[in-house]
Every structure is written in structure tokens, then in C-alpha cells.
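Colleague: generate coordinates for the sequence data below:
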Amino acid sequence: MKKLSELYHCNYDTLVNDIKINSREITKGDIFVCTMGVNDDRHNFIDDAIAKGASAIVVSKEVNKSIPTIKVENTNKELPALAKRLYDYNDELTLIGVTGTDGKTTTSNIVRQLLGIDKCGLIGTVGVFGKEFQDKPNNTTPDSHLLYKYLGTFVKEGLKYVTMEASSEAYYQKRLDSFNFDIGILTNITRDHLNIHKTMGNYIECKKKLFESISASGLAILNMDDEYYNEFLSVCNCNIMTYGKDNNATLVISSYKEHDTNTEITFKYNNKEYKFTSPLVGHYNVYNLAAAMLALLVLNYSFEEILEKIPNLTLAPGRSEMLEFGQKYKIVLDYAHTPNALYNILTFLNSIKKGKVITVTGSAGGREKEKRQDMGKVCQELSDLVVYTMDDPRYEKVNDIINDLIDKTKDNYIAIEDRKEAIKKAFEIADENDIVLIAGKGRDNYMAIEDKYIDYNDYEVIKKYFDD
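Modeller: Residues are numbered from 1 along each chain as shown. Purely as a prediction, here's the structure:
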């Protein structure tokens, strides 16, 4: 809490508790910043904010209201600057940004675990985690004022680092324009979010912004095996470390052998080979681990120190999560919702299967329709049976989404609109030694239907099935 006069050159001693840009979220004592969105001008909601108890407003237009008013040239640019002042964040933390189509959540989690949860905060899809502080914002990368609030909290908790998922949508909406990362990690680039970006070129340009923000003394960690590696390399004006199977990589992925509960890995670094076993399953997590390890190496951890920490790693909830309820078949809960992510998890499951692979999946409504055909093709090629169902349909009809997904050249699918019933059906079909993959939502705790977020959680549905 600060006085308005501590935040601006003014004579108001009005106390400010928090910053809000949504008038519906205002509580008494908040300052309402009238940002300009693509479709919304928050100046239109000033009266609502005042009615809910706003103590002051920040505007870029001439207004005459009953509460203290601060006029600035651009409210969108003012928002992060105000947040830094209110939440007392002065760039104390080492910022590690992770971007890419798939693997952001897992890589961020690995970095945090390797650095220590008492030293490193996390901001991403699974939530916000400090030493003790936790929150669950609506976006993978929250709005700038929330980011600064979290960073200020992390500083107060005594943390030194934060690892953050840097989504293309966040850069598109300019939520990260005020942030300069110390370390940037690229996982991979495949087709996604074209409903927003329209073209792959636009999508990649947004991803590049993370690496353009890194100072000359910072570090970019790039995947040499990615198709777009050279494009990202070209925008880096900082130190560069690489990983991949290419022998010219800083960290060479020499070999790996996948098992159902772990992965045997051989890495080469500084012309020395390191053989070890990772508790993280799947070839895709070999890459995620390699990227995370490079981040620690540049932060002056030795390879040997890092290897000591690897046996204790765990995957983020809902990422390649093996569930055990005493059943005779395997259940895997995974967030995969892109063709590449589905290909990766299903390729891994096929490498360890002893029976059938049964996949339950859908596709989000109001998002990129063009990827649905590729998603369905991957699922039906790599599954013995696919149960198509709902996944955040929003304003689209579930049956229309399912029809977009179905590969009609094959008949190894059924359609069940209700996701609970679809999961139940998959379990009823599964025999001993089969694998049931529940894909798309991971541990999300909602189902987006029209403009509402209905309470829903795949894990709870699965647990209830076995409890009943």
C-alpha cells in the first residue's frame, strides 16, 4: 500500500492498495488504469470502477470524475511503470524466459527444480509459485501489472531467480514489452496460434521478441535441431549456447534410451561424455532437460552439481503424468493439444506399449481450426482407438469440432461429446497392458463453454471413476 503522492508528483495522499485494469475486479482502494485493448477502451468503465471503490484512476483522455485522476500520454505504457513503483520491483531477480510451441511448462519447471524452489519462482501455465506464495492467473503469461506484483512478492520472499513462460500471445498483446530477460530459452517451433497470428511468419516474429530483449551480457539458449534455429540465431545480440544432436552444439544429445519410468541419456559437454538416468520420460523431455541444464551451467553450476539434482526431478502436473489407481492398464494425463505435442507423447507411448493405445482428445473451440486435421491424423495413425470429445468448445458446437478432427480414411475412432463419458468409455474398453492417454487439458480446472468457465478437471474425473 502506498500513497498516490509516492507514485506520482501530485498532492493526493490517497492510499492505493492494488492495480486493476478490469473494473469488475476492483475492490476498495484499488487504482484503475484505463488501458486500451483491441476491442475495449477502459475509459468507458470508469464509473463502474468508482462504484466498486476505486481510490484513483489513470487516464489518457480528458475526464472529470470525483476521485483523484492522473492523466498520462499512454495508459498501456504507464501500466508496467506504475506497477514497478507500487510493487517495489527494481530488477533484483534474474529473469529466465522460456518460449516455444511445446515444452515451455516442463522446461520452466525443470529449471526451477534444478535451481531450488527456495531460490527460484515460477510463472506459467500451471500457475505462479514462489517460496510459499501461490496464485493461478487466467493467462500463461499474465498482464504486466500482475507480473510485477508477482516479481515484487518473490523479492520479498528472498528468491534470486524466476523462470517464466513467455508466450507468443503475450508478446502480441505487448504484455512483455517492458521486460528484458537475462536468459532466454527456445524449445521448438511448430504451427500454433495462427488464429491470432494469421501466419507462421507473424508467430515466429512474436517469439523472436524474447531474444531481442536480451542484453549483450545475457544468454540465448537455442535448439539447433529446430527447423527455425537460424531465424532465431539471427536476432540474438547476446551470448549463445545451443543444444541438440548436432555435434557442434554446446550440449550434444549423444544418445538416449526410453523406458516407461525413466530415460537413459548420454550428453556431451566440453568434449566430455556424461551418462545418467533421468526420471523424466519421453525423448521430448531429453530436449527440455538439455535446455534447462544449460541455463544452470551459465549460472555457474557445474555439470556434476546438476547431475546430482536430476534424480529428484518430477514432471509438472498434467505433463506425461502416469496415474495409478490400481488399474491393470496405464493411464497417462497430458496437456498435448498441438500436432507436434500429440506426435511426441504418442510416439513415446508406442515405444513402451504392450497392448493397445487408446487416446481421448478434442480441440479447443474459437482457436485455430486449421491444425485440427493434423491433430486427428496424428492421433489416428499412432493410436489403436481414438475417442474424440469436447475440449473448451466455447461458442463452437462440439460435434463440428470433432468432425474437423476425424481422419475419415480410417475407422479407428468413436465420438462422445461429453468428456466425462468419453473418459469412462475409454476405461471400459481398455484391457490389461493397454495405455489410455487423456490428452488436451492436463490439470486444467475448467471447461470453457460459451463465455463461461465451468468447473472441470480431468484428474478429478479419473479419480472419481475409480473411487465409485
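Colleague: quick one, phi/psi of the most centrally placed residue in the chain?
Modeller: Closest to where the C-alpha atoms of the chain average out (Cα atoms, centre = their mean) is Thr125, at 3.8 Å. Main-chain torsions, Thr125, degrees, to the nearest 10: phi -60, psi -40.
Colleague: doesn't Thr105 make contact with it?
Modeller: Yes. With contact defined as Cβ atoms under 8 Å, Thr125 counts as touching Thr105 (4.8 Å). Just so you know, the C-beta spots here come from the backbone N, C-alpha and C atoms, and that holds for glycine as well.
Colleague: run a quick neighbour tally on Cys34.
Modeller: 26 (other Cβ atoms under 10 Å).
Colleague: give me every residue that touches it.
Modeller: The neighbourhood of Cys34, defined by Cβ atoms under 8 Å, 6 or more residues apart in numbering, consists of 21, 41-43, 45-46, 57-61, 75.
Colleague: and it, what pLDDT?
Modeller: Looking at Cys34, its pLDDT reads 97.
Colleague: state the number of residues packed around Asp451.
Modeller: 7.
Colleague: next, the contact list for it, please.
Modeller: Asp451 touches 394-395, counting by Cβ under 8 Å, 6+ apart.
Colleague: show me what the helix or strand hosting Asn230 is packed against.
Modeller: Using DSSP states H and E, the element containing Asn230 is helix 229-233. Helix 229-233 sits against helix 200-212, strand 219-223, with contacts defined as 3 or more Cβ pairs under 8 Å, 6 or more residues apart in numbering; DSSP states H and E.
Colleague: pLDDT weak spots in the chain?
Modeller: 38, 191-198 (pLDDT under 70).
Colleague: so what angle separates the directions of the longest helix belonging to it and strand 219-223?
Modeller: Counting by DSSP state H, the longest helix found in the chain is helix 283-298. Orientation of helix 283-298 against strand 219-223 (axes from the mean of the first three to the mean of the last three Cα atoms, to 10 degrees) gives an angle of 160 degrees.
Colleague: show me what counts as buried in the next helix or strand after helix 283-298.
Modeller: Using DSSP H and E, the next helix or strand after helix 283-298 towards the C-terminus is helix 303-309. Buried residues in helix 303-309, counted by 16 or more other Cβ atoms under 10 Å: 306, 309.
Colleague: what about Thr359, which SS state?
Modeller: Look at Thr359: counting by DSSP: H, G, I helix; E, B strand; the rest coil, its state is strand.
Colleague: ok, it touching Ala430?
Modeller: No. The pair Thr359 / Ala430 is not scored as a contact, 11.4 Å apart, by Cβ under 8 Å.
Colleague: what do those two both touch?
Modeller: In terms of Cβ under 8 Å, 6+ apart, Thr359 and Ala430 are both contacted by the residues Val436.
Colleague: between the two, who's got more neighbours?
Modeller: Neighbour tally, Thr359 and Ala430, criterion other Cβ under 10 Å: the higher count belongs to Thr359, 30 against 20.
Colleague: how far away is the more buried one from Tyr413?
Modeller: 9 Å (Cβ to Cβ, to the nearest Å).
Colleague: shared neighbours, these two?
Modeller: When Cβ under 8 Å, 6+ apart defines a contact, the residues bordering Thr359 and Tyr413 alike are 385-387.
Colleague: among the residues you listed, which one lies nearest to Asn340?
Modeller: Val386 (17.3 Å; Cβ to Cβ).
Colleague: now that closest one: how far from Gly318?
Modeller: Val386 sits 20 Å away from Gly318, going by Cβ to Cβ.
Colleague: ok, back up a step: shared neighbours of Thr125 and Thr105, anything?
Modeller: 165, 335.
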